[in-house]
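turn this into a structure:
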Amino acid sequence: GKTALVFDYLKAYLGDSTFDNCMHVYYDKWKFKHPQPEDLRKVFEDETGKNLGWFFDDLINTNKKIDYKLGRVVKNSPYFVNDSTTVTTGVYIKNRGQVNSPVAINEVRDGKIIATTWVEGFKGKKSFTVSQSYYSTLVLDAGEKMPEVQRGNNSSAGRQFQMRILGKVEDPKYNRLYYTPVVGWNYYNHAMIGAAFYNHTIPQKKFEYTVMPLFAIGTTSLTGEGNVAYNIQPLKGPFRQITLKGAVASYHFENGAQNTDFNLRFIKLTPQVTFDIKKCNGASPFSQQVNVRYIHIYEDQLYTDGNDRVVQKKRWLMDYSYTLSNKNPVNKYSLNVHVQHNQYMAKAWAEFNYALMYAKRKSATIKFRAFAGGFLYQSNLMPSLYWLRLSGQRGYQDYTYDNIFLGRSETSGVLSAQFAQNDGGFKMWSQLDTYKWMTAINIKAPLPGKFLEKLPIKIYASVGTYGRTFSGAKGLVFEVGPYLSIVPDIFEIYFPGFTSKEMRESTSILKNYKYYERIRFTLNLNQLRVFELIKKIQF
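Residues are numbered from 1 along each chain as shown. So this is what the prediction gives:
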């Protein structure tokens, strides 16, 4: 659509009659012949007497951007012309873009354009004069003919503040604060009510923020989360976008700890920088991203040494990741590589996900996941919190607090059955955790047959091996069984099937579990974060 857009801009600048005359001359001169692009340019420049390099060289042949800013407006003293009073106005305009293209200064009253002054393109900052007496607002390109990237600085009236419920498409006339009622729940805070305040729109803003305070009824305290982000689109270099972001979250993870009245809380602070690598072309299904983040966590710990008290402990972690994604639905896959370290350890792992469509139906898809990871360094004081888990992380093992758990500290009951499909990704719980290395392959597949594959009942299977565990166990383990895919990849329930002996005997606790107590489920609420989903849309 760019060609039509910029030619419409050229027509607005030259005027309808001049533009039409150029097109007629071009047709008459080149009908039944084979013109080249430079022939069109020659006709337009000869007929108008203007240098149109800004159009043919910059707008047509590059991805350079236009961005003019209306600066100070100064009204001068009135003077008389033909017995009429006229007030001249000095207008300062700054070219913040890369194209020295002409710009229209529009005088607007009651929402209508009453006069237009076109000025030629320029570099830097320049002043101009308009003489209309009765305008209420000066606006650059009020007719929106320029393909400009930032219209919020084009009006002398500035941008009006406005609060609205729910977000919408950006309007350059307003600085909007959006709000949305929010409810939440976890086992410790119980019901939480509040609101989210944010400025996210489509298209993406340079500066974005979200603040979500919540009042927790169960603990009668303030909880919630928020983040700020600054998006930079470099003009040159290998990155499409660089995002500087800071986030904070705080909820309770245990109440009535050890039969006391203390409620334990965590606070997570996460500054990070994300580099989106440029695609080879706009239509490419591949995307690459590098992310560096520092995780700082404050956790309450209860001490019962005769004088019950809560002490806030802190820990930190550096996390580096690289993600490669292929969004092609026929050959969809992703590769994620992580390196983490702190004063206790350094470990690295890679996770590869692949979706194989064995027929021309979305439901006919087998999902493969491969994981390999190990420790690069570990001190003698390394807590077991950082070990690799064959059966993924339960709530109290989620040391980064990246996942949302309804009962984070629960070890029995329904909420303790929630887990994250990370590390080894096995569906059945075991205590086969290692401080050495681990590899695993996980498969999820529909039932065979065109009708059966549409059912929510599907099959899972896993095979893996690992380095020495705390108990000294090692070897090859496997599992296979059915699962219920209620919301694919978000809410799924896994039922015990057939597992290897090493898994069944990894802990004596499992021997006492009834069948229903070994059922586990995933609830990946992180995948429902609206603003993160919008950023993943491939335009």
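
Ser155 bridge partners, please.
Beta bridges link Ser155 to Val139, judged by DSSP bridges.

I'd like to know how many residues surround it.
A total of 19 residues lie near Ser155 under the criterion other C-beta atoms under 10 Å. No exception for glycine: its C-beta is placed from N, CA and C like everyone else's.

with Arg309 instead?
Per other C-beta under 10 Å, the neighbour tally for Arg309 reads 11.

verify the stated contact: it with Tyr303.
Yes - with contact defined as C-beta atoms under 8 Å, Arg309 reaches Tyr303; the gap is 5.4 Å.

assumed Phe19 was part of a strand.
No - judged by DSSP: H, G, I helix; E, B strand; the rest coil, Phe19 forms no part of a strand; its state is helix.

can you pull the contacts of it?
By C-beta atoms under 8 Å, 6 or more residues apart in numbering, the contact set of Phe19 is Leu10, Lys11.

quick one: it and Ile493, what's the gap?
Counting by C-beta to C-beta, to the nearest Å, the separation of Phe19 from Ile493 is 65 Å.

check Lys474 too.
30 Å.

quick one: least confident helix or strand in this protein?
Lowest on mean pLDDT, DSSP states H and E among the helices and strands of the chain sits helix 530-535, with a mean of 67.

any idea which helix or strand comes after the helix or strand hosting Ala370?
For Ala370, the host element (DSSP states H and E) is strand 365-378. Downstream of strand 365-378, the next assigned helix or strand under DSSP H and E is strand 388-389.

elements contacting that following strand?
In terms of contacts (3 or more C-beta pairs under 8 Å, 6 or more residues apart in numbering; DSSP states H and E), strand 388-389 is packed against strand 433-434.

ok, then the element right after the strand it packs on?
Following strand 433-434 in sequence order, the next helix or strand is strand 437-446 (DSSP H and E).

can you list contacts of stretch 260-274?
Applying C-beta under 8 Å, 6+ apart, the set of residues contacting stretch 260-274 from outside is 188, 219, 221, 241-257, 289-302, 304, 308, 310, 401.

what's the ChimeraX syntax to select whichever of those are buried?
Selecting the buried subset of those in ChimeraX, with 16 or more other C-beta atoms under 10 Å as the burial test, is done by:
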select :188,219,221,241,242,243,245,246,247,248,249,250,251,252,253,254,255,257,289,290,291,293,295,297,299,300,401
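
just the ones of the contacts of stretch 260-274 in strands?
The members of the contacts of stretch 260-274 that map onto strands under DSSP state E are 221, 241-255, 289-302, 310.

how much space between His200 and Phe531?
On the measure of C-beta to C-beta, His200 and Phe531 end up 5 Å apart.

settle it for me: which of the two has more neighbours?
Neighbours per residue, other C-beta under 10 Å: of His200 and Phe531, the larger number sits with His200, 18 against 15.

contacting residues around that one?
Each residue near His200 by C-beta under 8 Å, 6+ apart is listed here: Gly167, Tyr178, Glu208, Thr210, Phe531, Ile534.

for Leu452, state which of those is nearest.
Of all the contacts of His200, Leu452 sits closest to Ile534, with 35.1 Å by C-beta to C-beta.

now for the contacts of His200: which two are most distant?
Spanning the widest gap among the contacts of His200 are Tyr178 and Ile534, at 13.1 Å by C-beta to C-beta.

the more surrounded of the two?
Remark: of Tyr178 and Ile534, Tyr178 carries more neighbours, 18 against 14, as counted by other C-beta under 10 Å.

wait, Ser287 sits on Lys327?
Yes - judged on C-beta under 8 Å, Ser287 makes contact with Lys327 at a distance of 7.1 Å.

next, Phe56: phi, psi?
With angles defined as degrees, to the nearest 10, Phe56 sits at phi -80, psi -30.

then the one 10 residues further on?
Backbone torsions for Ile66, taken as degrees, to the nearest 10, come to phi -100, psi 130.

ok, it to Asp58 distance?
Separation of Ile66 from Asp58 (C-beta to C-beta): 9 Å.

list the residues that contact both of the two?
Residues touching both Ile66 and Asp58 (C-beta under 8 Å, 6+ apart): Gln98, Val99, Ser101.

measure the last one to Ile60 for me?
In other words, Ser101. 12 Å.

now do Ala461
Distance, Ala461 to Ile60, using C-beta to C-beta: 55 Å.

and Pro35, helix, strand or coil?
Counting by three-state DSSP, the backbone at Pro35 sits in coil.

got a pLDDT number for it?
pLDDT, Pro35: 95.

also the one 10 residues further on?
Glu45 is assigned a pLDDT of 96 by the prediction.

what does Val130 give?
Looking at Val130, its pLDDT is 82.
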